[in-house]
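Engineer: For reference, the sequence and a predicted model appear below.
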Amino acid sequence: MVSHRDKELLRDDVRAQGMKLTAAHRESILKPYLPDPSELPRRSPQRWRKTSPRKTPIRTFLKSQLHQLTYTLIHILFGIVVRLIQSYHAVVDRIFAIVYYHHRTPELIKKDVKNLDRLPEHLSIVLSLRKEEDALTILMDEVAELAAWTVSAGIPVLSIYEKSGVLKLYISTLHRIVTNKLSAYYGSPSQQPALRLFAPHHPVYQPLDGNSTEKSNNNSLIVLLLSATDGRETFVDLTKTLAEMSQNGKLSPEDITMELVDAEISEITTQPSQTTSSTSVGNKPAFDPTISVKPEPDLLLVFKPLLKLDGYPPWHIRLTEMYCTGDKTNIMAGYAEAVEYQGFLRGLWHYAGAQMRFGR
């Protein structure tokens, strides 16, 4: 404890800004309160030992090793389970591919689906453009196969969603490839279903030939091509159009309702333009280009390991049943799955067994 007298002397010196006491006088006042320098070497090791870090005990080391071992065992066990599930799905897929194979015969496809409680009236497929040299050729061949399976199963409408929209640039080529694929299933052109192919803001493409009259009596297939531009961009364009009409007095703000927006979007994205891209032979009349497409698909198939929609128009899938055909255990995969018949068939089985609650 510092004495009261020494405290007052030091305080008076501080107030006088060090003018009252000399340096020697201040040292003499503080010296009784300072430790003896001769004791410092003896006491310093003790202080150093108090401030030095503690050594890691053996139990802390064993605990960390136990945690590492547990973590490793969990990863190994999880990896084994995932590989077993993947192997199981791969074996089941191969068995289905052997047992249920269409052999390019529409009758076999009808036989595979005849016992289903219901079939979708509008089937939609999400496909991806692969990163290969002949990616476009592979994509068109997949569309052709899906079209043949769809019409053979008795489904009248098929919509194909491909994000980039590259198929819209080759509608005539795609129509020719699909027609050739149908000939492999049905034989002569007179036995083939009538094929109508179009995309939003595009006319119906249907070259007419001498067998058009006979085709009109057979099953028909409507193929709709969708892309990412039919999603957000269409909604933005419609919003701008309605806003301009309201500003110009052509449309009252009270008339812009959800029903109006829904009707406009459905008409824009599921109806072709008024003109029809078709050619006829001789003086035979052209096939009726009237298109009636259910706006929302009943079933959406995604040929990927994950249920990734890639910007699919959201107003088309409010009540749509979705099914992913790929291996759902491969959570890191982002590539496209091969379009195979057993995946298509499993999607129809899933839709037939689904319970449609519609929000109830």
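Structural biologist: Thanks, I have it. Residues are numbered from 1 along each chain as shown.

Engineer: ok, residues contacting stretch 112-123?
Structural biologist: Stretch 112-123 has contacts (CB atoms under 8 Å, 6 or more residues apart in numbering) with 100, 102, 150, 153-159, 293-294, 296-299, 301, 321, 345, 348-349, 351-353. No exception for glycine: its C-beta is placed from N, CA and C like everyone else's.

Engineer: Write a ChimeraX command that selects only the buried members of those residues.
Structural biologist: The ChimeraX command for the buried members of the contacts of stretch 112-123 (criterion: 16 or more other CB atoms under 10 Å) is given here:
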select :100,102,150,153,155,156,157,158,159,293,296,297,298,299,301,321,345,348,351,352
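
Engineer: Let's see which of the contacts of stretch 112-123 end up in helices.
Structural biologist: Using DSSP state H, the members of the contacts of stretch 112-123 that fall in helices are Thr150, Leu345, Leu348, Trp349, Tyr351, Ala352, Gly353.

Engineer: now those residues as JSON lines including pLDDT?
Structural biologist: Shown next, in JSON lines, are the ones in helices among the contacts of stretch 112-123 (pLDDT from 0 to 100):
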{"residue": "Thr150", "pLDDT": "95"}
{"residue": "Leu345", "pLDDT": "92"}
{"residue": "Leu348", "pLDDT": "94"}
{"residue": "Trp349", "pLDDT": "92"}
{"residue": "Tyr351", "pLDDT": "92"}
{"residue": "Ala352", "pLDDT": "91"}
{"residue": "Gly353", "pLDDT": "88"}
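
Engineer: ok, so of those residues, who is nearest Pro253?
Structural biologist: Within the ones in helices among the contacts of stretch 112-123, the smallest distance to Pro253 is 40.5 Å, found for Tyr351 (CB to CB).

Engineer: Now do the contacts for the closest one.
Structural biologist: Per CB under 8 Å, 6+ apart, neighbours of Tyr351: Arg118, Leu119, Pro120, Asp298, Leu299, Glu321, Tyr323.

Engineer: export those residues to CSV and tack on pLDDT and distance to Leu182?
Structural biologist: Below are these laid out as CSV (pLDDT from 0 to 100; distance: CB to CB, whole Å):
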residue, pLDDT, distance to Leu182
Arg118, 91, 25
Leu119, 93, 19
Pro120, 93, 20
Asp298, 91, 23
Leu299, 93, 21
Glu321, 91, 27
Tyr323, 90, 25
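
Engineer: which regions of this protein lie under the pLDDT threshold?
Structural biologist: Scanning the chain with the threshold set as pLDDT under 70 gives 1, 39-56, 208-218, 266-267, 269, 271-292, 327-336, 357-360.

Engineer: Just want the most central residue of this protein.
Structural biologist: By CA atoms, centre = their mean, the chain has its centre lying nearest to Lys308, at 1.7 Å.

Engineer: For it, which non-adjacent residue is spatially closest?
Structural biologist: Val302 (6.9 Å; CB to CB, 6 or more residues apart in numbering).

Engineer: Figure out how far stretch 4-12 is from the centre of its chain.
Structural biologist: 80 Å (CA atoms, centre = their mean, to the nearest Å).

Engineer: tally of neighbours for the residue nearest to Lys308?
Structural biologist: Val302 has 26 neighbours, counted by other CB atoms under 10 Å.

Engineer: one step back: can you tell me the helix or strand for the residue nearest to the centre of the chain?
Structural biologist: Taking DSSP states H and E as the definition, one finds Lys308 inside no helix or strand.

Engineer: Could I get the full set of strands for the stretch 1-150 of the chain?
Structural biologist: Along the stretch 1-150 of the chain, the stretches classed as strands by DSSP state E, counting those that start in this stretch are 122-127.

Engineer: nope, the stretch 201-350 of the chain is what I was after
Structural biologist: Under DSSP E, counting those that start in this stretch, the stretch 201-350 of the chain gives strands at 204-205, 220-226, 276-277, 299-302, 321-324.

Engineer: Could you identify which of those strands is most buried?
Structural biologist: For the strands of the stretch 201-350 of the chain, the largest average neighbour count (mean count of other CB atoms under 10 Å) is found in strand 299-302, namely a mean of 25.

Engineer: ok, what's across the strand from the closest residue in space to Ala354 that isn't next to it in sequence?
Structural biologist: Spatial nearest neighbour of Ala354, excluding adjacent residues (CB to CB, 6+ apart): Glu321 at 5.1 Å. For Glu321, the beta-bridge partners are Leu299 (DSSP bridges).

Engineer: Settle this for me: Glu321 is touching Asp298, isn't it.
Structural biologist: Yes: between Glu321 and Asp298 there is a contact under CB atoms under 8 Å: 6.6 Å.

Engineer: ok, the residue nearest to Ala354 - contacts?
Structural biologist: Pro120, Asp298, Leu299, Leu300, His350, Tyr351, Ala354, Met356.

Engineer: Show me which pair in those is furthest apart.
Structural biologist: Leu300 and Met356 (14.1 Å).
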